[in-house]
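> let's see this in three dimensions:
(one chain, ligands or ions: 2)
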Amino acid sequence: MRPARPLAAKPLRPAPSRPAFGAPSLTIPLQDPGLPDPALDVRKAAMRRDFRRLRRAAAAAGGADAAAALAAEAGALATRLPRPPQHIAGYVAAGGEIDVLPLLVALGAATGAGLCLPVVTAPDTALDFRVWQPDAPLVAGAFGILMPEEAAGRCLPDLLLMPLVAVDRAGRRLGQGGGFYDRTLAAADAAGQMPLTIGVCFAVQLTDEVPAGPLDRPLDLILTERGLLVPVR
Ligand SMILES: Nc1nc2c(c(=O)[nH]1)N(C=O)[C@@H](CNc1ccc(C(=O)N[C@@H](CCC(=O)O)C(=O)O)cc1)CN2
Ligand SMILES: Nc1ncnc2c1ncn2[C@@H]1O[C@H](COP(=O)(O)OP(=O)(O)OP(=O)(O)O)[C@@H](O)[C@H]1O
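Numbers count the residues shown, from 1 in each chain. Ligands and ions are numbered 1, 2, ... in the order given. Prediction:
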């Protein structure tokens, strides 16, 4: 157990400046989040801290090579998909996440699918997705993450390349803690439009066991710079 730190030991810093969320739109409760589980949240928070550090180190040491290695697997990955995708969602890397854009572009070319990127429109909601083409302009969105402009139009992906902080061999995914992808999958499932989910990360982000609760949905596949993993459950 770590000793409790006096609050005064933490220097006061101004809140990080972030683009504000837009006015909340009409939100439909997607799923009752149920009873809070503080013990689970504490375990997830500790793992996030450790694996964000590992992720940043991996990105600094070989991020560009790893992104190229992912993209080189696009043709092989396309042949492993259970159905041909129509619209593939990637993400714009932040905080040391593996850069998935070269893979997204290559997978689009290999499958003929359209491409899109996620957009956070409000806290506690599902993600929106906007159409993206290579070299189309991106603007800063929530959390400073780049996203397509509104004029790009919306998209409903049937294949998600998902960022993550840590993952285990059963496909349990630890994300940034906003619950955005879990709510997105819950909403898609409820609408009968569950996409195929591929978690993408550096191999060092694989761990023995990610703590998970009832709202966490396991990944269909895991892709690292070392290759494709089919989760064992
Ligand atoms: N690249 C990327 N895009 C994404 C996600 C993601 O995880 N990665 N999301 C997945 O849901 C959504 C955005 N959700 C987010 C939720 C929380 C934080 C967050 O707390 N960021 C910390 C920095 C973390 C770090 O150091 O790595 C912060 O801003 O202080 C970021 C994104 C949609 N787009
Ligand atoms: N289907 C859902 N409906 C409502 N709330 C949800 C749902 N899924 C997750 N949440 C809530 O979102 C919060 C964050 O969940 P969690 O810690 O699993 O996020 P995460 O998967 O790490 O984040 P992200 O998916 O954004 O990367 C929790 O309070 C959780 O209760």
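> tally up the residues packed near whichever residue of the chain sits closest to ligand 1, please.
Using C-beta to the nearest ligand atom, the closest approach of the chain to ligand 1 is made by residue 95 at 2.5 Å. In short, each C-beta sits where N, CA and C put it, glycine included. Residues near residue 95, counting by other C-beta atoms under 10 Å, number 14.
> any idea which element it lies in?
Applying DSSP states H and E as the criterion places residue 95 outside every helix and strand.
> is it correct that it is in contact with residue 56?
Yes. Counting by C-beta atoms under 8 Å, residue 56 is a contact partner of residue 95 at 7.0 Å.
> and stretch 198-213, how far from the chain's centre?
Mean C-alpha position of stretch 198-213 versus that of the full chain (C-alpha atoms, centre = their mean, to the nearest Å) differs by 12 Å.
> how about the residues of the chain that lie near ligand 2?
When proximity is defined by C-beta under 6 Å from any ligand atom, the chain lies next to ligand 2 at 30-31, 33, 44, 174-183, 186, 215-216.
> now do the strands in the protein.
87-89, 114-119, 128-131, 138-140, 146-148, 159-162, 166-168, 173-174, 196-200, 206-207, 221-224, 227-229 (DSSP state E).
> can you map out the helices along the protein?
For the chain, the helices identified by DSSP state H occupy 38-72, 74-80, 101-111, 180-190, in order along the chain.
> so which of those helices is the most packed in?
Sort the helices of the chain by mean neighbour count, taking mean count of other C-beta atoms under 10 Å, and helix 101-111 sits at the top with a mean of 20.
> now what about it, what contacts it?
67-68, 70-75, 77-78, 81, 84-85, 88, 90, 92-93, 113-115, 134, 161, 200, 223 (C-beta atoms under 8 Å, 6 or more residues apart in numbering).
> stretch 46-57 close to ligand 1?
Yes. Residues of stretch 46-57 are located near ligand 1 by C-beta under 6 Å from any ligand atom, namely residue 52.
> who touches that stretch?
95-97, 165-166, 174, 176-177, 201-202, 204-205, 207, 210-211.
> now with 10 Å, please.
Residues outside stretch 46-57 that contact it (C-beta atoms under 10 Å, 6 or more residues apart in numbering) are 2, 63, 93, 95-98, 163-167, 174-177, 201-202, 204-207, 209-211.
> alpha carbons of that stretch, as PDB, please.
Listed in PDB are the C-alpha atoms of stretch 46-57, where the atom choice follows Å, rounded to 0.1, in the frame of the first residue of the first chain:
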ATOM      1  CA  ALA A  46      -3.300   2.700 -11.200                       C
ATOM      2  CA  MET A  47      -3.000   0.600 -14.400                       C
ATOM      3  CA  ARG A  48      -3.600   3.700 -16.600                       C
ATOM      4  CA  ARG A  49      -0.800   5.600 -14.800                       C
ATOM      5  CA  ASP A  50       1.700   2.700 -15.400                       C
ATOM      6  CA  PHE A  51       0.700   1.900 -18.900                       C
ATOM      7  CA  ARG A  52       0.500   5.500 -20.100                       C
ATOM      8  CA  ARG A  53       4.100   5.800 -19.100                       C
ATOM      9  CA  LEU A  54       5.100   2.500 -21.000                       C
ATOM     10  CA  ARG A  55       3.100   3.700 -24.000                       C
ATOM     11  CA  ARG A  56       4.900   7.100 -24.200                       C
ATOM     12  CA  ALA A  57       8.300   5.300 -23.900                       C
END
